[in-house]
Structure formats: structure tokens, C-alpha cells
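1. For reference, the sequence and a predicted model appear below.
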Amino acid sequence: MGGLGGKNNGRKTGQGGKNEEEITLNYKSIMENTTLISIEALRKDFPTSGGSFTALNGIDLKIGKAEFTGVVGPSGSGKTTLLNIIGSLDSPSEGKAVVLGQSISDLNPKQAALLRRSKLGFIFQSYNLLPVYTVFENVEFPLLLLKLDDNHRRKMVMDSLEWLGLTDKVKSKPAQLSGGECQRVAIARAMVKKPEIVLADEPTANLDAANSHNILKTMVQLNKELGTTFIFATHDDKVIGYLKRKISLVDGKVTTDEIRNN
Ligand code: ADP
Ligand code: MG
């Protein structure tokens with residue numbers, strides 16, 4: 001982006017405010033031109049014993065290609081509910097969520113599974129690795145549903161393990177790995193198909209600071225190099241520090257939506 005060089009252009013405002021505005025405008029126009037996710041008046045009600053509980057209450061959002069965005073808010077604010085709808089794991093009660101051109105409400109279970117399998121990657125706080133399988137087999141797992149020849153599949157797995165620095169752990173089982181390594185395997189599994197969108201729900205919740213920074217730096221790099229869109233749900237300041245856009249959620253409503261120049 002051209003805006004970054006601007007501080008040496010001889011203007012003596014000393015504020016840098018113009019540059020930030022420019023960067024923000026550039027970022028906004030990139031987002032608007034390449035919208036991958038479009039959410040309108042989204043509402044989600046869950047039935048409860050006492051009636052119904054509104055977890056999302058009128059969300060309007062657009063998320064563009066190659067964004068590195070986080071939905072941030074306290075526990076219970078609706079982050080997971082929103083990510084689950086974007087990930088076609090759940091559907092809206094009212095309003096619209098269009099993901100990669102497909103309206104989530106209109107998908108039958110088979111179509112939703114196909115969207116997840118072909119275009120989306122998921123990372124969870126608890127890694128969700130299969131304990132009896134090796135690192136290689138865990139990362140290979142999402143590819144088994146696609147009809148690929150063995151060599152092609154093997155190469156995709158090895159590429160993904162290389163991005164995550166795991167090539168020496170190919171034959172290990174999850175129990176032989178540290179928490180940070182397990183989360184790296186989970187990221188490799190999410191990235192193996194080069195999905196358009198990766199949804200990461202509290203990915204650092206079980207990691208120490210060093211491992212959290214490590215995986216975040218890797219995800220920033222994957223976002224830059226592969227153009228993958230990352231969407232986090234988090235209340236961890238370490239994650240928030242890396243976000244290029246921070247969408248704050250309180251009681252199922254977006255309260256602020258900031259683009260940041262970090
Ligand atoms: P967050 O991820 O921000 O902690 P969630 O999206 O998990 O929040 O939950 C938002 C609110 O919706 C919470 O109050 C939660 O208890 C409620 N909720 C989530 N899922 C269900 C469900 N399946 N049934 C009833 N209430 C739910
Ligand atoms: Mg949650």
C-alpha cells in the first residue's frame with residue numbers, strides 16, 4: 001500500500017492522521033470490492049425452557065477477501081453463534097447471511113456440508129484432533145472426502161505441514177505433542193484445502209503467551225501469502241493485537257467496527 005511511505009513526504013503535520021485515513025480508505029475499498037460474507041439484519045433466537053433467548057440481535061456486516069478480522073466481546077456476547085452461522089453450522093432465525101454467494105438459510109444439510117468441506121476451514125480452542133491418528137493423518141482427514149489421487153493428496157498435506165513448521169512431526173500422535181504443536185496441527189488441517197475462509201473460535205484459549213504469538217504470526221503470514229480470509233472469535237488481547245479489523249459484539253449487537261493499521 002502506498003500510504004505507508006507518506007511520512008517521508010515532507011509534510012510536517014507530525015500527526016500521521018492523513019496516512020491512517022488513506023490506509024483505512026484503501027482497506028475499505030478493497031473490502032467492498034471483494035465481499036465474501038454479507039450479513040443483513042441477522043437475528044438468532046435459541047429456544048429455552050423460559051421462552052426464547054436472543055443471542056444475535058440485528059447484525060449487519062460485510063467481510064471481504066483476505067481480511068484478518070476478529071469478532072471480539074465478553075463471554076456470552078454471541079461470538080460463537082455468529083461464527084457458527086458464517087460456518088454454516090447453524091442458520092439464522094431472521095435476516096440473511098450470505099457466504100461465498102450462498103445464503104446459509106437456503107442450504108440443506110448436504111449443501112451446507114459441501115460448503116464447509118470445499119471452502120471453509122475451522123480452528124477451535126480444543127484443537128479437536130483425532131487421538132489415534134498421526135499428525136499426517138489428522139491433516140489428511142478433510143481431504144479424504146474429496147476425490148484426489150494419492151500423490152496430490154500427500155503433497156497437499158506435506159505443503160500444509162511445512163507452512164506450519166511440522167514436517168518433523170509427521171508420524172507423531174497428538175498425545176506426543178505440546179498444546180502449541182497440537183494447535184499448529186489443527187491449523188494445518190484447516191489450511192490443507194487452501195480454504196477461502198478460516199474461522200477460528202478462541203484459538204489461543206489453551207495456549208501460553210509464547211505459543212499464542214507464534215501461531216498468530218503464522219496465521220498473519222498465511223493471510224498475506226495465500227490471501228486466506230481469517231475470522232476470529234476471541235476475547236484474548238494477544239489475538240486482538242494482531243487484528244486488522246476489530247468488530248465488537250455486546251449482547252448480540254455490533255457496538256464498534258474498527259479498521260486498524262497494524
Ligand atoms: P460467546 O461465544 O460470545 O461466548 P455464544 O455465541 O456462545 O457467546 O452464546 C451467546 C449466548 O447465547 C449465550 O448467552 C449462550 O448461553 C446462548 N446460547 C448459545 N447457544 C445456545 C443454545 N444452543 N441454546 C440456548 N442458548 C444458547
Ligand atoms: Mg464462544
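-> That came through, no problem. What you see is a predicted model; the values in this text were computed from it and never measured. Ligands and ions are numbered 1, 2, ... in the order given.
2. From now on I want contacts and neighbour counts done on CA atoms only, so please keep to that.
-> Fine.
3. Can you tell me the SS state at the nearest residue to E140 once chain neighbours are set aside?
-> The shortest distance from E140 to any non-neighbouring residue, by C-alpha to C-alpha, 6 or more residues apart in numbering, is to V157 (5.8 Å). Three-state call for V157 (DSSP: H, G, I helix; E, B strand; the rest coil): helix.
4. for V157, what are its contacts?
-> When contacts are counted by C-alpha atoms under 8 Å, 6 or more residues apart in numbering, V157 touches 136, 139-140, 192.
5. Would you check that Y133 makes contact with K173?
-> Yes. Using C-alpha atoms under 8 Å, Y133 is in contact with K173, at 6.1 Å.
6. if we can go back for a sec, ok, now how distant is the residue nearest to E140 from K194?
-> 11 Å (C-alpha to C-alpha, to the nearest Å).
7. just T81 next, same as before
-> 24 Å.
8. quick revisit: of Y133 and K173, which one has the most company?
-> More neighbours surround K173 than the other of Y133 and K173, with 19 against 15 (other C-alpha atoms under 10 Å).
9. Could you report the neighbour count for the closest residue to that one other than its chain neighbours?
-> Among residues not flanking K173 along the chain, T134 sits closest, at 4.5 Å (C-alpha to C-alpha, 6+ apart). Counted by other C-alpha under 10 Å, the residues lying close to T134 total 19.
10. And T134, how far from ligand 1?
-> 30 Å (C-alpha to the nearest ligand atom, to the nearest Å).
11. Isn't that residue up against D168?
-> No. Look at T134 against D168 with C-alpha under 8 Å: they stay out of range, at 12.0 Å.
12. Need the residues touching each of those two.
-> Counting by C-alpha under 8 Å, 6+ apart, nothing touches both T134 and D168.
13. quick one on the thing from earlier: roughly how far does the residue nearest to K173 sit from K147?
-> For T134, the distance to K147 - C-alpha to C-alpha - is 21 Å.
14. Same question for I231.
-> Applying C-alpha to C-alpha to I231 and K147 gives a distance of 28 Å.
15. So those two - more neighbours on which side?
-> More neighbours surround I231 than the other of I231 and K147, with 24 against 8 (other C-alpha under 10 Å).
16. where does the more buried one land in three-state SS?
-> strand.
17. who are the neighbours in contact with it?
-> 67-71, 197-200.
18. which stretches of the stretch 1-150 of the chain form strands?
-> For the stretch 1-150 of the chain, the strands defined by DSSP state E, counting those that start in this stretch cover 35-48, 51-64, 68-72, 94-99, 102-103, 120-124.
19. which of these is buried the deepest?
-> Greatest average neighbour count among the strands of the stretch 1-150 of the chain goes to strand 68-72 (a mean of 25), per mean count of other C-alpha atoms under 10 Å.
20. packing partners for that strand?
-> With contacts defined as 3 or more C-alpha pairs under 8 Å, 6 or more residues apart in numbering; DSSP states H and E, the packing partners of strand 68-72 are strand 229-234, strand 245-250.
21. Contacts for the helix or strand following the last one, please.
-> In other words, strand 245-250. Sequence-wise, the next helix or strand downstream of strand 245-250 (DSSP states H and E) is strand 253-259. For strand 253-259, contacts defined as C-alpha under 8 Å, 6+ apart pick out 24, 27, 56-59, 244-249.
22. coming back round to it: would JSON lines of the strands of the stretch 1-150 of the chain with distance to ligand 1 be doable?
-> Compiled in JSON lines, the strands of the stretch 1-150 of the chain are given as follows (distance: least, C-alpha to the nearest ligand atom, whole Å):
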{"stretch": "strand 35-48", "distance to ligand 1": "5"}
{"stretch": "strand 51-64", "distance to ligand 1": "4"}
{"stretch": "strand 68-72", "distance to ligand 1": "8"}
{"stretch": "strand 94-99", "distance to ligand 1": "15"}
{"stretch": "strand 102-103", "distance to ligand 1": "20"}
{"stretch": "strand 120-124", "distance to ligand 1": "12"}
